[in-house]
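Asks: sequence plus the predicted model coming up.
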Amino acid sequence: MADSVWIIGVAILGLILVQMLVALTGSIRRLGHEQARRRMEIQLFEHRVAAARALRAQREQVTSAWTGYRKFEVQRKVDEGGDICSFYLVPHDRKHLPGFSPGQYLTFKLDIPGRDKPTVRCYSLSDAPGTPYYRLSIKRLGPPRDKPGAPSGLSSNYFHDQVQQGDILDVKAPTGHFFLDLSKQDPIVLVGGGVGVTPVLSMLNAIAADASKRETWFFYGVRNSREHILSDHFRSIAAQHDHIHLNICYSDPGLNDSRGEHYDYAERVSVELFKRRLPSNNYDFYICGPPPMMQSLTSGLEEWGVPKSRIHFEAFGPATVKRTAPKAEPSAADAPPAQITFSRSGKTLAWDPSYDSLLEFAEDHGIEIDSGCRAGNCGTCLTAIKSGEIVYTTEMGAEPEAGSCLTCVCKPKGPLVLDA
């Protein structure tokens, strides 16, 4: 009898333990589901906050930007190494500093000694929005490698040699169509070559300051450590943010450059490297660097199957990314060259097809047309067309208004009359 009672008690106890185990397992599962749900809610909240911040910043930028030129004071001047110097600018009137989209640039009107008129130049902002200053990082440019006797960069050397802390500069509001939309969460690839890193550095810093955890791959290409700026800053960002993947490329490492410490790959930034490093080609690519690098990457990405709409690039200077553009209609071999009339200057000239743009043609014939980026981005060279047609030789940041043209990136399609 006692044995039966003991057996029944053990059975009841076992049943109770099984029920408790089932209940505990269910509770653990419910707790796991609840934690997963809460994580998803937190991530969704963070994404909504990031989108709201980006939208607010864009609205502030539109409502608070100024027209024309505004006086800015050089608050600080910092040598970054590699012949690059950063300038921190604050409004001279100490009033509100408008926001901007990471990747945009400032336009300067510089009164350079020895010049009979102001020089207009554009420089990318190199820090994230939301700081109490605008920062630009400028590389001192010497003569081109293939033209050692040519003059050095006019505006870059002026900034390095003559612009000092406390100086006042005339600056237009931030602008440009090469920028990162912080309200989106699509995965991205940022690519900077040499001093072309500045606009993508602005994007990188903005992503690091954002709470969205946006998947980001950052590729930076220079020759060696002598040109590698902000190396500690880049490593720190990658160490603190597991969604940011850093890839440093040296095309010509120095004797004291150590792989793993100074750089990751002893090669140029290339689409072949993207194929080895990226999980897929399903990214938006933002590229800024020397024209040969950008030309190679943009064409290589298209061959890899990346849609043109997902390849974004910025270029300043006469050499830029060339893509398929409309061609002028071929003329008969014995047809006379098109006549270009500059109405305000009172000059009519025969077009020379060896020129890359109407701006270069005008300058060489003593006709003044204001210019800035010389790559179809800033709009400084916008000129009214009184009659005739032009053809663009490269993609621009934005189409100019009807009846006008950006002379730095176009050629005549036939006889042409310009208001210049």
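Replies: Nice, I can see it.

Asks: spatially nearest residue to Glu73 (excluding sequence neighbours)?
Replies: His92 (4.7 Å; Cβ to Cβ, 6 or more residues apart in numbering). (C-beta placed from N, C-alpha, C; glycine too.)

Asks: mind listing what the spatially closest residue to Lys71 that is not a sequence neighbour touches?
Replies: Once flanking residues are discounted, Lys71 sits nearest to His92: 3.9 Å by Cβ to Cβ, 6+ apart. By Cβ atoms under 8 Å, 6 or more residues apart in numbering, the contact set of His92 is 70-73, 168.

Asks: helices of the stretch 251-400 of the chain, start to end?
Replies: Taking DSSP state H, counting those that start in this stretch to define them, one finds helices in the stretch 251-400 of the chain at 271-277, 291-303, 358-364.

Asks: wait, Phe218 touches His241, no?
Replies: No. Phe218 lies out of contact with His241 (Cβ atoms under 8 Å); the separation is 10.4 Å.

Asks: list the residues that contact the residue lying closest to Gly193 once chain neighbours are set aside.
Replies: Spatially, and ignoring its direct neighbours in sequence, Gly193 is nearest to Gly289 (2.3 Å; Cβ to Cβ, 6+ apart). Taking Cβ under 8 Å, 6+ apart, we find Gly289 in contact with 191-194, 196-197, 221, 269.

Asks: if you set the cut-off to 7 Å instead, what comes out?
Replies: Counting by Cβ atoms under 7 Å, 6 or more residues apart in numbering, Gly289 touches 191-194, 196, 221.

Asks: picking that back up, just the buried ones among the contacts of His92, please.
Replies: Buried members of the contacts of His92, counted by 16 or more other Cβ atoms under 10 Å: 70, 72-73.

Asks: of those residues, which is the nearest to Leu17?
Replies: Among the buried ones among the contacts of His92, Phe72 lies closest to Leu17 (Cβ to Cβ), at 75.6 Å.

Asks: pretty sure the closest one is touching Asp167, no?
Replies: No. Between Phe72 and Asp167 there is no contact under Cβ atoms under 7 Å: 9.4 Å.

Asks: any low-confidence regions in the stretch 301-420 of the chain?
Replies: Within the stretch 301-420 of the chain, the segments meeting pLDDT under 70 span 316-335, 397-398.

Asks: swap in the stretch 151-300 of the chain?
Replies: Nowhere does the stretch 151-300 of the chain drop to pLDDT under 70.

Asks: rerun at 80
Replies: 151 (pLDDT under 80).

Asks: and the end-to-end length of stretch 357-375?
Replies: End-to-end distance for stretch 357-375, by Cα to Cα, to the nearest Å: 10 Å.

Asks: now do it: distance to the chain's middle.
Replies: Relative to its chain's centre, stretch 357-375 lies at 25 Å (Cα atoms, centre = their mean, to the nearest Å).

Asks: hmm, back to that, mean neighbour count and distance to Ala65 added to the helices of the stretch 251-400 of the chain, as TSV?
Replies: Formatted as TSV, these follow (neighbours: other Cβ atoms under 10 Å; distance: least, Cβ to Cβ, whole Å):
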stretch	mean neighbour count	distance to Ala65
helix 271-277	15	35
helix 291-303	18	28
helix 358-364	20	27
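
Asks: and Tyr392, which of those is closest to it?
Replies: For these, the distance to Tyr392 is smallest for helix 358-364, at 10.7 Å, taking Cβ to Cβ.
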